[in-house]
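Asker: What follows is a predicted structure for the sequence shown.
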Amino acid sequence: MRNIIIFSLCSFFANAQVGVNTISPSRTLDVNGTLRVRTQTDQSSNTSYDNVMISDANGNVDYVKKNLLNQQMTQLFSLSTLPSVNVGGSGTVSPVSISNQSVTLTKPAFVIINYSVPVTLSAAASDGRMKLLRTHLNVDGTNVVRSSNAYTNSTSTGTNLTGIFYNTGSYITLLGAGTHSIEILGTCFDFAAAANCVQGGNFSGTSFQAHAMYNDY
């Protein structure tokens, strides 16, 4: 009889669910509290370590295979036509908005932004003063990139410079979940009138695009 009792107790403990700070464990080991491991080793280069621990909202801990963790890239917007905006002026000229795109991220992501903005000079200048053609990239209202073309219309460099120029730029940033604004703005000086310098339009090579890259599994 004693042997039967001992065998029954061993079988019970072998299959029991153990709770720490809980009287109703739902897994083999159920810890109601925090977990601390005092000693860990870096196994980054060890190919036999190919599992990554994860947990759900209820704290259930499991794993996924490391090779299933991958970078997913999603296009946020891609424009090949931009509004034509008069951005010229003399003296201090404030940047004028060309295109402002609102994007929403469901989780943190690296956002890659590229742009190629045409700048059209329709009237030849002959005043000999330096001309600056600048395009700004703002992310959430903060200027992050300024790309420019500059020239001086003198006798040696040409006094009748006209045509289409391109301001190009790129930027990568980490943005959190939520809604963000990505905006390009233009400014040109020193021009007699705003219409002397136009940024944007529908020309070959025009682009304004953004992609989000994030971990997905």
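Answerer: Here it is on my side, so go on. Numbers count the residues shown, from 1 in each chain.
Asker: after the lowest-mean-pLDDT helix or strand in the chain comes which helix or strand?
Answerer: Least confident helix or strand of the chain, by mean pLDDT, DSSP states H and E, is helix 2-15 with a mean of 47. Next in sequence after helix 2-15, counting helices and strands by DSSP states H and E, comes strand 18-20.
Asker: Direction included, what does that following strand pair against?
Answerer: Strand 18-20 pairs in its sheet with strand 29-31 (parallel), by DSSP bridges.
Asker: buried ones in the partner strand?
Answerer: Residues D30 are the ones in strand 29-31 that count as buried (16 or more other CB atoms under 10 Å). To be clear about C-beta, it is placed using only N, CA and C from the backbone, and glycine gets the same treatment.
Asker: so for the next helix-or-strand element following it, what's the average pLDDT?
Answerer: Counting by DSSP H and E, the element after strand 29-31 in chain order, helix or strand, is strand 51-55. Regarding strand 51-55, the rounded mean pLDDT is 83.
Asker: How about stretch 110-117?
Answerer: What stretch 110-117 shows for mean pLDDT is 97.
Asker: Same question for stretch 85-98.
Answerer: Stretch 85-98 carries an average pLDDT of 87.
Asker: Would you pull up how far it lies from the middle of the chain?
Answerer: Relative to its parent chain, stretch 85-98 has a centroid offset of 27 Å by CA atoms, centre = their mean, to the nearest Å.
Asker: I'd like to know how many residues surround the closest residue to F110 other than its chain neighbours.
Answerer: Closest residue to F110 apart from its sequence neighbours, by CB to CB, 6 or more residues apart in numbering: M213 at 4.6 Å. Number of residues near M213 (other CB atoms under 10 Å) recorded here: 15.
Asker: V52 too?
Answerer: Counted with other CB under 10 Å, V52 comes out at 13.
Asker: can you pull the contacts of it?
Answerer: Residues in contact with V52 (CB atoms under 8 Å, 6 or more residues apart in numbering) are 63-66, 69.
Asker: Farthest pair within the residues you listed?
Answerer: Y63 and L69 (11.1 Å; CB to CB).
Asker: And the contacts of the helix or strand harbouring S99?
Answerer: Following DSSP H and E, one finds S99 within strand 96-105. For strand 96-105, the surrounding residues in contact (CB under 8 Å, 6+ apart) are 76-77, 79, 82-83, 85-87, 111, 117, 135, 175-187, 199-200, 208, 210, 212, 214.
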